Each structure stands twice: as C-alpha cells, then as structure tokens.
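# Provide a 3D model corresponding to the input given below.
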Amino acid sequence: MIACTTKPTMSAAATMVAARCMFATRPARFIALPFDSRTGRIRDDVWARWLAWDPARLVGRYESALRSLRLLFIDCGTRDEWNLHFGARVLAEELKSRGIPHRHEEFDDGHMQITYRYDVSLAALSQALAD
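Coordinates of the predicted model:
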C-alpha cells in the first residue's frame with residue numbers, strides 16, 4: 001500500500017491512481033495497484049476487481065439497458081494521451097459482436113481541448129432525442 005498525501009498531477013500515474021480510487025474497496029487514501037510496484041508482477045486479486053469494472057466486460061450484464069438507449073455514442077481521439085482509444089475500440093467491438101446499436105467514431109486528436117467535437121456529439125444527441 002502507498003499512502004496518498006499529495007495532490008497528483010495529470011499524468012499516467014495520476015490516471016492510474018484515479019482508476020484505483022474508482023475500482024477499489026479500500027479507503028481512497030490507500031492505493032492498491034493491480035501490480036506489484038517493485039516487480040511489476042500482476043496482483044490477481046486486485047486486477048480482478050479492476051476487470052469487474054471494465055466497460056467492455058459489463059456489456060453482457062447491461063445488454064438490455066444498452067439496447068434500450070436511443071443513442072450510444074462513443075468517440076475518442078486516435079492520439080489520446082491515456083490511450084483510451086484502445087478501450088473505446090474494445091467496447092465498440094463488444095457492442096458490435098452482440099448486435100447492440102452504437103456509433104463509434106475516432107478523430108485525429110488527443111483527449112483535451114476537443115470541444116469542437118461537440119458539433120458532432122450534440123448533433124447526434126439532438127437527433128436521437130427528436131426521433
């Protein structure tokens with residue numbers, strides 16, 4: 001365990017810490033990483049808790065609810081600083097394999113300063129709500 005005593009910066013490590021805080025069962029001031037920070041060996045018990053919250057793995061559990069959505073819109077930059085485009089692709093493939101309607105788009109940019117994408121996502125949302 002590592003005690004959190006300072007404010008993290010926006011980095012890959014901070015992102016992992018944030019994910020840990022979302023997926024863990026212990027108080028947020030302790031970090032249970034899914035690997036041993038000294039050796040890199042996977043900690044199966046912690047990794048299993050993380051996988052339990054993997055969006056692609058949750059599709060089966062929520063398939064009925066996902067099918068009921070008017071719009072399931074997933075977009076991500078192909079240069080995402082946290083590589084979220086890979087997760088978006090996995091999620092889109094899982095949805096496709098189950099025949100769940102969705103819209104998956106990738107664009108040539110990163111994760112930040114992409115408000116110009118609102119023209120795409122909000123237009124799609126507006127159309128879905130109007131139908």
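
# A strand includes Glu105, no?
Yes. Under DSSP: H, G, I helix; E, B strand; the rest coil, Glu105 sits within a strand.

# tally of neighbours for Pro55?
14 (other Cβ atoms under 10 Å). For glycine as for every other residue, the C-beta is placed from the backbone atoms N, C-alpha and C.

# and for it, nearest residue in space, chain neighbours not counted?
Nearest residue to Pro55, sequence neighbours excluded (Cβ to Cβ, 6 or more residues apart in numbering): Leu91, at 5.2 Å.

# one more: Thr78?
In space, Thr78 is closest to Glu106, 5.1 Å off (Cβ to Cβ, 6+ apart).

# other residues contacting the strand or helix carrying Ala56?
Taking DSSP states H and E as the definition, Ala56 sits inside helix 55-58. Residues outside helix 55-58 that contact it (Cβ atoms under 8 Å, 6 or more residues apart in numbering): Leu51, Gly87, Val90, Leu91, Glu93, Glu94.

# may I see the PyMOL selection of the buried members of these?
In PyMOL, a selection of the buried entries from the contacts of helix 55-58 looks like this (16 or more other Cβ atoms under 10 Å):
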select buried, resi 87+91+94
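
# among the contacts of helix 55-58, which are located in helices?
Leu51, Gly87, Val90, Leu91, Glu93, Glu94 (DSSP state H).

# per the record, what domains does the protein have?
2-51, 55-130 (automatic domain parsing).
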